[in-house]
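In: coords below, sequence missing:
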């Protein structure tokens, strides 16, 4: 009984102290950008888990508007990435070698040889190659992160963070206040001199090697109803990923 009374007294005292620090009716202080980045890192699995994840493979399907489906797989490792979307023996391949070079093979346009990407497109692939993601990579690559307040997304009052990269590309992340994971990302890029804005909605997070990744991604140009979806059925951590997998083949 004495222990119960003491525990109750501690709870009441803590509540009184909190009330004194936070006057009734006064809204809680808004978090800083650094606070939100730290909470997002913890929600993703923590710095140690991210550091231990050297590569990841995603396997599933890519669904285009109208229900047209292709099998999909992607491997990321060491800042490099390679994705393949295949149908009836033909595979669209896009890759970034982790050193500045992007390339593709698009047999659906009658091209069976690897073609070098322009610098703008390669830069876009370089961002998607990061296992940590744009937000968590900001501190190490010189990008700035700014807290923009709150924004409603499907009825949730999300935190809003903007990542501005040194090359001028910008990413606005909407973060769910309960899970502290990204639910929407708006990318603003300059591709071949023209500004392009794309949106991605993320959900169905699962742990891969102790790190949370979205298993459902719906993406497309901002304002357009034409969206493509990636549904991941299987994800594997620390797979074999030799550098030759990402290097542009010699035609």
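Out: Sure thing, it's come through. It should be emphasised that the depicted structure is a prediction, and the values quoted were computed from it without experimental measurement. Numbers count the residues shown, from 1 in each chain.

In: Who are the contact partners of residue 124?
Out: By CB atoms under 8 Å, 6 or more residues apart in numbering, residue 124 lies in contact with 189, 191. Backbone N, C-alpha and C define where each C-beta goes, glycine included.

In: Distance of it relative to residue 230?
Out: 16 Å (CB to CB, to the nearest Å).

In: Same check on residue 39?
Out: 26 Å.

In: more crowded one of these two?
Out: residue 230 (21 against 17; other CB atoms under 10 Å).

In: The closest residue to that one other than its chain neighbours in helix, strand or coil?
Out: Spatially, and ignoring its direct neighbours in sequence, residue 230 is nearest to residue 217 (4.6 Å; CB to CB, 6 or more residues apart in numbering). Assigned by DSSP: H, G, I helix; E, B strand; the rest coil, the conformation of residue 217 is strand.

In: what sits opposite residue 217 in the beta ladder?
Out: residue 202, residue 230 (DSSP bridges).

In: can you pull the contacts of it?
Out: 200-202, 229-230.

In: at 6 Å instead, please
Out: By CB atoms under 6 Å, 6 or more residues apart in numbering, the residues touching residue 217 are 200, 202, 230.

In: State the distance from it to residue 176.
Out: From residue 217 over to residue 176 (counting by CB to CB), the distance is 15 Å.

In: what's the average pLDDT for stretch 72-88?
Out: Taken as a whole, stretch 72-88 carries a mean pLDDT of 95.

In: which non-adjacent residue is nearest residue 159?
Out: Closest residue in space to residue 159, ignoring its immediate chain neighbours: residue 175 at 4.3 Å, by CB to CB, 6+ apart.

In: from memory the one you found sits against residue 157, does it?
Out: No: the criterion here is CB atoms under 6 Å, and residue 175 misses it with residue 157 at 10.8 Å.

In: the more surrounded of those two?
Out: When residue 175 is set against residue 157 and neighbours are counted by other CB under 10 Å, the residue ahead is residue 175, at 23 against 13.

In: Spit out the contact partners of the more buried one.
Out: Taking CB under 6 Å, 6+ apart as the test, what residue 175 contacts is 158-159, 182.

In: So what does the most centrally placed residue in the chain have for phi and psi?
Out: In the chain, the residue lying closest to the centroid (CA atoms, centre = their mean) is residue 133, at 5.0 Å. In terms of degrees, to the nearest 10, the main-chain angles of residue 133 are phi 90, psi 160.

In: Quick check: pLDDT value at it.
Out: pLDDT, read off for residue 133, is 95.

In: quick revisit: any idea how far the residue nearest to residue 159 is from residue 233?
Out: With CB to CB as the criterion, residue 175 and residue 233 are 26 Å apart.

In: before we move on, what about residue 242?
Out: With CB to CB as the criterion, residue 242 and residue 233 are 24 Å apart.

In: Between those two, which is the more surrounded one?
Out: Remark: of residue 242 and residue 233, residue 233 carries more neighbours, 11 against 8, as counted by other CB under 10 Å.

In: A strand includes that one, no?
Out: Yes: assessed by three-state DSSP, residue 233 belongs to a strand.

In: Residue 179 versus that one, what's the distance?
Out: 22 Å.

In: pretty sure residue 59 is touching residue 234, no?
Out: Yes: contact criterion CB under 6 Å: residue 59 and residue 234 qualify, at 4.5 Å.

In: So for those two, which residue has more residues nearby?
Out: Neighbours were counted for residue 59 and for residue 234 using other CB under 10 Å; residue 59 has more, 14 against 11.

In: neighbours around residue 159, how many?
Out: 23.

In: beta partners for it?
Out: With DSSP bridges as the rule, residue 159 is bridged to residue 150, residue 175.
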